[in-house]
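> curious how this folds, go ahead:
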Amino acid sequence: MVIYNVEISYFISQGTSIRNILVVAENKEGGSAMNTLGFTIVGFGNIAKTHMIALRTMPIIKQLPVTPVLNTLVTRRPEQTLDQARQIGFAHVSSSLEEALQYDGAEAISICTPNALHAEQVRMAVQYNQAIYCEKPVTESAASTAELLKDVPSTLTQQLAFVYRYHPAVMRIKAWLEEGIIGDVLQCRLAYLRSGYLSDARPYSWRVDNSLSGGGAITDIGVHALDLLRHWFGEMKSVDGNTETFIKSRRAGNGTDERLAVHVDDWALMNYVTEQGIRGIVEVSRIALGEDAFRVHIVGTKGSITCDLETDKKPQLHLVSGRHEATPEPESLALLPDEKATLGIFQDSHFAALHHFILRHCGDERWDSLAPTLEDGLLVERLVDQVIHASQARNQR
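Model (predicted):
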């Protein structure tokens, strides 16, 4: 076994036990003490670049137990991206994930590819004993994810990018609910509204290809809303809803007038009841022009919490008594950049999620229940499947 050459002073400063300071990894042939964590980034789209920004800026903003390093970029067009990848800081560029995972220094993988490709890439990462950070959803279907999880050992560090758990307002809501500030929760309404898919000029892509994405708005952004409900209130007793495809076809984007049929939803409306008896509605849309927002409204016996996660770092508290209560500040806010180093709410949330992933991989057990796992993804995907199947059944009557 080899010991990670982490900064002992970091862990001592965080009050970490000696047991957790001694983080061990499986010995590899030719292995040596390291103080870096080499990332293989799979994909070169917007989300992949968001991960790159977080990893490159993290040592500037935070004291870390290891230094994250961009080891290899895996992309379909390595020749076209080589110069930019080198400028970003990658040591290697490859079109082969298996090749990338065999390079010296490869220890962690960030998967930022179409959903249907995740299962094969996660299995490859398991084969090479990589820590796994995977974009949501885990795969294109709950059935595929359930099969995949059978192949992921419990000893491997893994995390799903349900990054809204790391949003500062979400962290504060969680703390306020645990403190009982608004009493017993009665209902919660969420509305996650985007507008980018209303335009007919937007061409066909993997996100509207059911075989690659597994769904539309409900799979793309609805999973975030459903995860927040589980994160705040626990498991669901029941969930039902409707999905609708309004834009029935899109341009193929190949320079011709060809149009391809779209079989994923643009909009979904869900109603739910939790095991605790909390009731509510979730609306998600990718065609809500003029109303881009992620609105939260939680009502309890003593008051309510409201916010828009697109703009608000701190929720608004409304109490029946009219008093101004002191509200707790969760310690997990330390995962985020501070106000002088903020990169914006969206980037900050990705930053905090990857920050936590690195800390967890190095044995830091703080805020362990905060981390979303592949298992959390499966539970959410099962809820998505319930809604899609219920809606399809209604439409066939």
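
> show me where this protein has helices.
Using DSSP state H, the helices of the chain run over 8-13, 18-21, 46-61, 78-88, 97-100, 118-127, 142-149, 168-179, 210-213, 217-220, 222-233, 345-361, 374-395.

> give the buried residues for the fourth one.
Within helix 78-88, the residues that qualify as buried are 78, 81, 85, 88, counting by 16 or more other Cβ atoms under 10 Å. Heads up, the C-betas are built off the backbone N, CA and C, glycines and all.

> now do that helix: which elements does it pack against?
Judged by 3 or more Cβ pairs under 8 Å, 6 or more residues apart in numbering; DSSP states H and E, helix 78-88 is in contact with strand 67-74, strand 92-94.

> quick revisit: looking at the buried residues of helix 78-88, which is nearest L117?
P78 (16.8 Å; Cβ to Cβ).

> ok, N115 touching G216?
No: if you go by Cβ atoms under 8 Å, N115 and G216 don't touch, sitting 11.7 Å apart.

> per the record, what domains does the protein have?
When the chain is parsed with automatic domain parsing, its domains come out as 2-163, 164-327+373-395.

> ok, R251 - contacts?
R251 makes contacts with 200-201, 203-204, 257-260, as judged by Cβ atoms under 8 Å, 6 or more residues apart in numbering.

> hmm, 10 Å instead?
For R251, the contacting residues are 200-204, 257-260, by Cβ atoms under 10 Å, 6 or more residues apart in numbering.

> next: T274.
Taking Cβ under 10 Å, 6+ apart as the definition, contacts of T274 comprise 185, 188, 229-230, 232-239, 280.

> ok, back up a step: out of the helices of the chain, which is closest to H318?
Here helix 168-179 is closest among these (Cβ to Cβ), at 11.8 Å.

> ok, now which ones touch G180?
Going by Cβ under 10 Å, 6+ apart, G180 touches 300-302.

> and those residues, which are buried?
If we count by 16+ other Cβ under 10 Å, the contacts of G180 have these buried: 300, 302.

> as TSV, the contacts of G180 with pLDDT would be great.
Below are the contacts of G180 laid out as TSV (pLDDT from 0 to 100):
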residue	pLDDT
G300	98
T301	98
K302	97
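
> that older thread, from the contacts of R251, which would you call buried?
Judged by 16+ other Cβ under 10 Å, buried ones among these: 202, 204.

> the closest residue to Q130 other than its chain neighbours and K136, how far apart?
Counting by Cβ to Cβ, 6 or more residues apart in numbering, Q130 lies nearest to I109, which is 4.6 Å off, once chain neighbours are set aside. Per Cβ to Cβ, to the nearest Å, I109 is found 15 Å from K136.

> of those two, which one has the most company?
I109 (29 against 24; other Cβ atoms under 10 Å).

> the more buried one bridge partners, please.
According to DSSP bridges, the residues that bridge with I109 are T40, I132.

> pretty sure it contacts Q127?
No: using Cβ atoms under 10 Å, I109 is not in contact with Q127; the gap is 11.2 Å.

> which residues are common contacts for those two?
With Cβ under 10 Å, 6+ apart, I109 and Q127 have common neighbours L101.

> hang on, the earlier thing: return the most buried member of the helices and strands packed on helix 78-88.
strand 67-74 (a mean of 23; mean count of other Cβ atoms under 10 Å).

> that one to helix 46-61, inter-axis angle?
160 degrees (axes from the mean of the first three to the mean of the last three Cα atoms, to 10 degrees).

> if we can go back for a sec, measure the residue nearest to Q130 to L354 for me?
According to Cβ to Cβ, I109 stands 12 Å off from L354.

> between these two, which contacts overlap?
39, 133.

> Provide a list of residues in contact with the residue lying closest to S96 once chain neighbours are set aside.
Leaving aside its chain neighbours, S96 sits nearest to V74 (7.2 Å; criterion: Cβ to Cβ, 6+ apart). Listed by Cβ under 10 Å, 6+ apart, the contact set of V74 reads 40-44, 48, 90, 92-101, 109-113, 121.

> any stretches of the stretch 1-150 of the chain with poor pLDDT?
Scanning the stretch 1-150 of the chain for pLDDT under 70 picks out the ranges 1-34.

> that older thread, now distance to G322 too, for the buried residues of helix 78-88, in JSON lines please.
Shown next, in JSON lines, are those (distance: Cβ to Cβ, whole Å):
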{"residue": "P78", "distance to G322": "62"}
{"residue": "T81", "distance to G322": "57"}
{"residue": "A85", "distance to G322": "57"}
{"residue": "I88", "distance to G322": "52"}
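
> hmm, which two among these are most spread apart?
Taking Cβ to Cβ, no two of the buried residues of helix 78-88 sit farther apart than P78 and I88, at 13.5 Å.

> contacting residues for G196?
So G196 contacts 202, 207, 286-289, 292 (Cβ under 10 Å, 6+ apart).

> change it to 8 Å
202, 286.

> same thing with I111?
With contact set as Cβ under 8 Å, 6+ apart, I111 has these partners: 42-43, 118, 121-122, 125, 132-135.

> please pick the buried ones from those.
42-43, 118, 121-122, 125, 132-135.

> make CSV from those residues and add distance to D266 to it.
Formatted as CSV, the buried ones among the contacts of I111 follow (distance: Cβ to Cβ, whole Å):
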residue, distance to D266
V42, 28
G43, 24
H118, 23
Q121, 28
V122, 29
A125, 33
I132, 31
Y133, 29
C134, 25
E135, 21
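
> how long is stretch 125-140 from one end to the other?
Terminal residues of stretch 125-140 are spaced 18 Å apart (Cα to Cα, to the nearest Å).

> now do stretch 131-147
Using Cα to Cα, one end of stretch 131-147 lies 19 Å from the other.

> can you check stretch 266-284 too?
End residues of stretch 266-284 are separated by 8 Å (Cα to Cα).

> and that stretch, what's its mean pLDDT?
Taken as a whole, stretch 266-284 carries a mean pLDDT of 98.

> returning to what we had before: the residue nearest to Q130 contacts E98, doesn't it?
No: taking contacts as Cβ under 8 Å, I109 lies outside contact range of E98: 11.7 Å.

> what sits against H92?
Taking Cβ under 8 Å, 6+ apart as the test, what H92 contacts is 71-73, 100, 103.
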